[in-house]
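Undergrad: With the sequence up front, the predicted model follows.
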Amino acid sequence: MQKKVLIYFGLLFLTFPLFSQLKTGKELNIAPKYDSLIYYSQKMFNGNNDIIRYEANEHFKEILVETLYDKDAIFYNFDTVRILSAQGAKDNYFKIYTWCLPLESGKYENFGIVLVKSKKTGTYKQYELRDVSTQIEDPEKHILRKGIWYGAVYYQIIEEKYQGKKIYTLIGWNGWDGLTQQKVIDVLTFTSHDEPVFGKIIFRGKGLSSKKRLIFEYGDQIVMKLRYENHDYKIVTKKDYTKRNKRHNQNNDEALQAEKKKIKEKIKNAPMIVFDELVPIRAELEGQYQFYYPLSAEGNAFYFDNGRWNFRKLDLKGVYDPNDKTINFGLKPENEGGNND
């Protein structure tokens, strides 16, 4: 559990430089009562028992909710509250605040609040999120509304636009239980009434067409890469052509014409969601995610195009085979997380 806590804080530290680059003007304001939030966050992680931790979490949530009712709350800086992640739209239309509570059993509970601006009134309103990650079957298949959500602490947000509508992709971590942990790619959109909706059919690739979010589960002590970043890749194209041999045979036919292949490679760089390929230590352990680990020489990615996250196969050299659209590891087995295409 101690290592998972370190991973959790490590993920949040990675977000701060990225997020702080966007801060201007009012966003430099330190949140009021941040010292109280820090105090209760320490009790949440260091309390001697679950009763103390739950009580601290309730105080933490009450102070945060009260703070977010301030008219300038969207501009508050919570970076000093290390357990709290705040990810939002570039135009300050919304911000989502997420955190987790570690329990003595090794399990984690997730909490979240969405602060969103009303298109009608121009004022901000709150939606408290309720984590249903342990209660729903086939969680990759569901679109979640009315404040229910597959819990995760988000450490990156990707903002895209398609056909005039904005799509927000969230990348997060779920401490899960004492045996495994998870990373999650989820999609956030909003209704005409500014209500948050989680999940969207947006992933393209073999076995992905019915998934509304992606969940990667792996060993408790393992570190898995899942991050949106610029990455080099190769586009390899092969072209068949016939090269005429200058020599002719006795019948002057085409027997001496040789089939040739011309291979071209181009190296490109583009922003992608890059993630490790996960496999079990042994084949017979497939589906027992505490024994899953990342392949050091294999990687996968999604690139955004035409309103979809399209799968791309990577290796250490960033080679991309346009004909390879398979994705075999790192997701829930098909009988748990989706249908075969």
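TA: Perfect, I can see it now. None of these values were measured; they are calculated from a predicted model.

Undergrad: Report the separation between the nearest residue in space to Val236 that is not next to it in sequence and Phe311.
TA: Spatially, and ignoring its direct neighbours in sequence, Val236 is nearest to Glu265 (5.4 Å; C-beta to C-beta, 6 or more residues apart in numbering). All C-beta spots, glycine's among them, are computed from the backbone N, C-alpha and C. In this view, Glu265 and Phe311 are 20 Å apart by C-beta to C-beta, to the nearest Å.

Undergrad: quick one: which of those two has more around it?
TA: Set Glu265 next to Phe311 and count neighbours by other C-beta atoms under 10 Å: Phe311 wins out with 20 against 10.

Undergrad: center of the chain - which residue?
TA: Ile171 (2.3 Å; C-alpha atoms, centre = their mean).

Undergrad: What helix or strand is it located in?
TA: strand 165-174 (DSSP states H and E).

Undergrad: partners of that strand in the sheet?
TA: Sheet pairing of strand 165-174 (DSSP bridges) gives strand 153-162 (antiparallel), strand 180-190 (antiparallel).

Undergrad: a helix runs through Leu64, doesn't it?
TA: Yes - the assignment for Leu64 is a helix, going by DSSP: H, G, I helix; E, B strand; the rest coil.

Undergrad: for it, what are its contacts?
TA: 37, 84, 97, 113 (C-beta atoms under 8 Å, 6 or more residues apart in numbering).

Undergrad: list the buried ones in the strand holding Ile171?
TA: If you call a residue buried by 16 or more other C-beta atoms under 10 Å, then strand 165-174 has these buried ones: 167-174.

Undergrad: Check what pLDDT Leu103 gets.
TA: Model confidence at Leu103, given as pLDDT, is 96.

Undergrad: Next: Ala152.
TA: pLDDT, Ala152: 97.

Undergrad: Mind listing the residues bridging to Ile167?
TA: With DSSP bridges applied, Ile167 shows beta-bridge pairing to Glu160.

Undergrad: Wait, the residue nearest to Val236 touches Lys238, no?
TA: No - with contact defined as C-beta atoms under 8 Å, Glu265 does not count as touching Lys238 (10.2 Å).

Undergrad: ok so, going back, mind listing residues that contact the strand holding Ile171?
TA: Outside of strand 165-174, the residues within contact range by C-beta under 8 Å, 6+ apart are 7-8, 11, 87, 89, 93, 96, 98, 100, 108, 110, 133, 151-161, 181-189, 200, 202, 226-228, 273, 307, 309.

Undergrad: Relative to Glu140, how far out is Tyr34?
TA: Computed as C-beta to C-beta, the Tyr34 to Glu140 distance reads 36 Å.

Undergrad: ok, now Ile38?
TA: 35 Å.

Undergrad: Report the distance from stretch 141-157 to the chain centre.
TA: When C-alpha coordinates are averaged (C-alpha atoms, centre = their mean, to the nearest Å), stretch 141-157 and its chain have centres 11 Å apart.

Undergrad: er, stretch 66-80 actually
TA: Between the centre of stretch 66-80 and the centre of its host chain there is 24 Å, according to C-alpha atoms, centre = their mean.

Undergrad: end-to-end on it?
TA: 18 Å (C-alpha to C-alpha, to the nearest Å).

Undergrad: cool, and stretch 145-164?
TA: 22 Å.

Undergrad: Got the domain ranges for this structure?
TA: 2-142, 228-334 (automatic domain parsing).

Undergrad: Most tightly packed of those?
TA: Among these, domain 2-142 has the highest mean neighbour count (mean count of other C-beta atoms under 10 Å), at a mean of 16.

Undergrad: where does the stretch 151-300 of the chain dip in pLDDT?
TA: 239-260, 297 (pLDDT under 70).

Undergrad: how about the helices in it?
TA: Applying DSSP state H, counting those that start in this stretch to the stretch 151-300 of the chain gives no helices.

Undergrad: can you map out the strands along it?
TA: 153-162, 165-174, 180-190, 196-198, 203-204, 214-219, 226-243, 258-280, 292-305 (DSSP state E, counting those that start in this stretch).

Undergrad: Run the angle between the third one and strand 226-243 for me.
TA: Which is strand 180-190. Here the directions of strand 180-190 and strand 226-243 differ by 80 degrees (axes from the mean of the first three to the mean of the last three C-alpha atoms, to 10 degrees).

Undergrad: again, but for the last one
TA: With the same axes, to 10 degrees applied, the angle from strand 292-305 to strand 226-243 works out at 70 degrees.

Undergrad: All set now, cheers.
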